[in-house]
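# predicted coordinates and the sequence they were generated for:
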Amino acid sequence: MSGNAPLRACFRDAIPEIAEAAALLDAAVTAHLLGDAAQAEALIRRADMPPVAAWVESILGKNSPYVVIQSSGTPSLASEYRVAARMPNAQERCQLHARDGFHCRFCGIPVIRAEVRERIQRAYPQALRWGKRNAQRHAAFFALWAQYDHLLPHAHGGGNELSNIVVTCAACNYGRGGYTLAEVGLAHPLERPPVRSAWDGLERFGRRPT
């Protein structure tokens, strides 16, 4: 692919099944809060869709047809010149979600924090599978897994300030790996507004009454 190719917002547009799976999970949480555990479990199982798993896998890996290195970019910095890598703390994650919402800043799909997924899994361990390998994970929860991605990687001089971090889904984060935005032909996500919707990241699951 030419280095003059137009910049893309994301590696691959979301497929309709992702929105369907998110709607099923949202309905599952509503059923849970209404005391209908059987319905909640059935909905969680229905959201484990093979097309959603295939969408994620199509972006991951060295042989992905969607992740194409467009330029060699600048060389990585020697380790002694890099800012120490650090993920955002709890307060910073709250600030990021206040800015970005609960949608990937690249492809725009809904996302769910790992802590919320873990709460749901404790309640429905048979329906929400989560193994060590991608194929052993619930497709929807894997696709919608919230990540905190450094726009300029640490290896290229990126820091830990929130202006250099965005909320993403697992596919967009892991698909890019340690490459810069320019190297994979992605536009800067903060140059366009975030997706705003009624999606709450299923945060209401297990939340204590205030």
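Yes, it's here. Residues are numbered from 1 along each chain as shown.
# when you work out contacts or count neighbours from here on, use the C-alpha atoms and nothing else.
OK.
# dump the residue contacts of the spatially most central residue of the chain.
In the chain, the residue lying closest to the centroid (Cα atoms, centre = their mean) is C169, at 1.2 Å. The contact partners of C169, taken as Cα atoms under 8 Å, 6 or more residues apart in numbering, are H103, C104, I109, P110, V111, A143, L144, W145, A146, Q147.
# tell me if V167 really is in a strand.
Yes. Applying DSSP: H, G, I helix; E, B strand; the rest coil, one finds V167 inside a strand.
# and Q121, how close does it get to A114?
When Cα to Cα, to the nearest Å is applied, the distance between Q121 and A114 equals 10 Å.
# what does P153 give?
22 Å.
# of these two, which one has the most company?
P153 (22 against 15; other Cα atoms under 10 Å).
# which pLDDT value goes with the more buried one?
pLDDT for P153: 87.
# correct me, but it touches T180?
Yes. Counting by Cα atoms under 8 Å, T180 is a contact partner of P153 at 6.6 Å.
# identify the residues contacting the residue lying closest to W130 once chain neighbours are set aside.
Nearest in space to W130, with sequence neighbours left out and distances taken as Cα to Cα, 6 or more residues apart in numbering, is R137 at 4.3 Å. R137 sits next to L128, R129, W130, G131 when contact means Cα under 8 Å, 6+ apart.
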